[in-house]
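Q: attaching a predicted model along with its sequence, questions to come.
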Amino acid sequence: MADTARRKPTYEDVLAAPEHLVAEIIDGELYTHPRPAAPHAEAASVLGMDIGSAFHRGRGGPGGWIILVEPELHLDPNILVPDLAGWRRERLPEVPKEAFITLAPDWVCEVLSPGTALLDRRRKMPIYARERVPHLWLVDPIVRSLEVYLLERERYVHLGTFGENERVRAVPFDAIELELEALWPSTVTPLPDI
């Protein structure tokens, strides 16, 4: 009886995924999942605006970074799409023209959702550690928490968990204060009757 080998996924498989799905290759397996729900997208958007303004653009902060939303990372042999990632400009002076980046970031943020939280923690975090990404954040908009990690040797050390309406200065972006309450799902307050 012939042993049939399973074909390893390729970049062509990522490109062939339907547009409404995020496709990643993680440790030789193709993973697809729907685009994030609104609470996830809101947390990533607000965080990207706050950090991007201060660090990418230098408005109200020191600048010196490139901050990107959902960049496609080709970290051989893995293809990952974190929610946010940042590179110090001395390592990545400008955004490449290609659709993907092969240089590991200096910071990664994964916004957790029920469908991807385990994948982010169990499969992607070890890859980021192997690729020597110094700073990792996990944001959970449902639990309303920010977990901050720092790479020491080959493992992430948990620096703290923050949440609800705390104001936080978290490495590597501790030059500014983040208002965590702004990341959580919005509630619409009705206008008073006039």
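A: Yep, that arrived.

Q: for the rest of this, base every contact and every neighbour count on C-alpha atoms.
A: Noted.

Q: is it correct that H40 falls within a helix?
A: Yes. Counting by DSSP: H, G, I helix; E, B strand; the rest coil, H40 falls inside a helix.

Q: how about it, what does it touch?
A: Contacts for H40 (CA atoms under 8 Å, 6 or more residues apart in numbering) come out as V111, L112, S113, D140, P141.

Q: got the phi and psi for the residue nearest to the second one when sequence neighbours are not counted?
A: Sequence neighbours aside, D140 is the residue nearest to L112 in space, at 5.0 Å (criterion: CA to CA, 6 or more residues apart in numbering). Backbone geometry at D140, expressed as degrees, to the nearest 10, gives phi -120, psi 100.

Q: can you give me the neighbour number for D140?
A: 22 (other CA atoms under 10 Å).

Q: which strand residues bridge it?
A: S145 (DSSP bridges).

Q: average model confidence for stretch 95-110?
A: Averaging pLDDT along stretch 95-110 yields 97.

Q: next, the buried residues of stretch 118-129.
A: Across stretch 118-129, burial judged by 16 or more other CA atoms under 10 Å covers D120, K124, M125, I127, Y128, A129.

Q: ok, the second one to E110 distance?
A: When CA to CA, to the nearest Å is applied, the distance between K124 and E110 equals 9 Å.

Q: columns secondary structure and distance to K8 on top of the buried residues of stretch 118-129, output as TSV?
A: Output for the buried residues of stretch 118-129, formatted as TSV (DSSP: H, G, I helix; E, B strand; the rest coil; distance: CA to CA, whole Å):
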residue	secondary structure	distance to K8
D120	helix	21
K124	helix	18
M125	helix	21
I127	helix	18
Y128	helix	21
A129	helix	23
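
Q: now the residues you listed in a markdown table, with distance to I66 and pLDDT?
A: A markdown table is the format used below for the buried residues of stretch 118-129 (distance: CA to CA, whole Å; pLDDT from 0 to 100):
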| residue | distance to I66 | pLDDT |
| --- | --- | --- |
| D120 | 22 | 97 |
| K124 | 21 | 98 |
| M125 | 21 | 98 |
| I127 | 21 | 98 |
| Y128 | 18 | 98 |
| A129 | 20 | 98 |
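
Q: sounds good, over and out.
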